[in-house]
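Colleague: any chance you can model this:
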Amino acid sequence: MSKRKAFPLRMDPKLYEVLEKWAEDELRSVNAQIEVILKEAAKKAGRLKKD
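Modeller: Next up, the predicted model:
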């Protein structure tokens, strides 16, 4: 398994609540949900090769 990069992330509490609910709806942790959202955005922007 590849190593993960850990870093602190500050965000608006209301945004965190939205992400928390979204993650719960998709049976993920908030961290995993953020990673999924960022990967999809990077692919859409042509910054990350599609799988």
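Colleague: outside of stretch 13-32 itself, which residues are in contact with it?
Modeller: For stretch 13-32, contacts defined as CB atoms under 8 Å, 6 or more residues apart in numbering pick out 33-34, 36. C-betas here are computed from N, CA, C, even on glycine.
Colleague: of these - the most surrounded one?
Modeller: Comparing the contacts of stretch 13-32 by number of neighbours (other CB atoms under 10 Å), Q33 comes first, having 19 neighbours.
Colleague: buried residues of the helix or strand that contains that one, list them for me.
Modeller: For Q33, the host element (DSSP states H and E) is helix 30-44. Neighbour counts over helix 30-44 (16 or more other CB atoms under 10 Å) mark 33-34 as buried.
Colleague: same question for that helix, mean pLDDT?
Modeller: On average, the pLDDT along helix 30-44 is 96.
Colleague: chain center to that helix: distance?
Modeller: The chain centre lies 4 Å from the centre of helix 30-44; the measure is CA atoms, centre = their mean, to the nearest Å.
Colleague: before we move on, what about stretch 42-51?
Modeller: Counting by CA atoms, centre = their mean, stretch 42-51 is centred 14 Å from the centre of its parent chain.
Colleague: check stretch 20-27 too.
Modeller: Offset of stretch 20-27 from its chain centre (CA atoms, centre = their mean): 11 Å.
Colleague: buried sites along it?
Modeller: For stretch 20-27, by 16+ other CB under 10 Å, it's A23.
Colleague: same question for stretch 3-19.
Modeller: L19.
Colleague: export that stretch as CSV, just CAs?
Modeller: Taking C-alpha atoms only, stretch 3-19 is exported to CSV below (Å, rounded to 0.1, in the frame of the first residue of the first chain):
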residue,chain,number,x,y,z
LYS,A,3,2.2,5.9,1.9
ARG,A,4,-0.3,8.6,2.7
LYS,A,5,0.6,12.3,3.2
ALA,A,6,-0.8,13.7,6.4
PHE,A,7,-1.4,17.4,6.9
PRO,A,8,-3.7,19.6,8.9
LEU,A,9,-6.7,21.1,7.2
ARG,A,10,-8.7,24.1,8.5
MET,A,11,-12.2,24.7,7.2
ASP,A,12,-15.4,26.4,8.0
PRO,A,13,-17.4,24.4,10.5
LYS,A,14,-20.5,24.5,8.3
LEU,A,15,-18.6,23.0,5.4
TYR,A,16,-17.3,20.3,7.7
GLU,A,17,-20.9,19.5,8.7
VAL,A,18,-21.9,19.2,5.1
LEU,A,19,-18.9,16.9,4.4
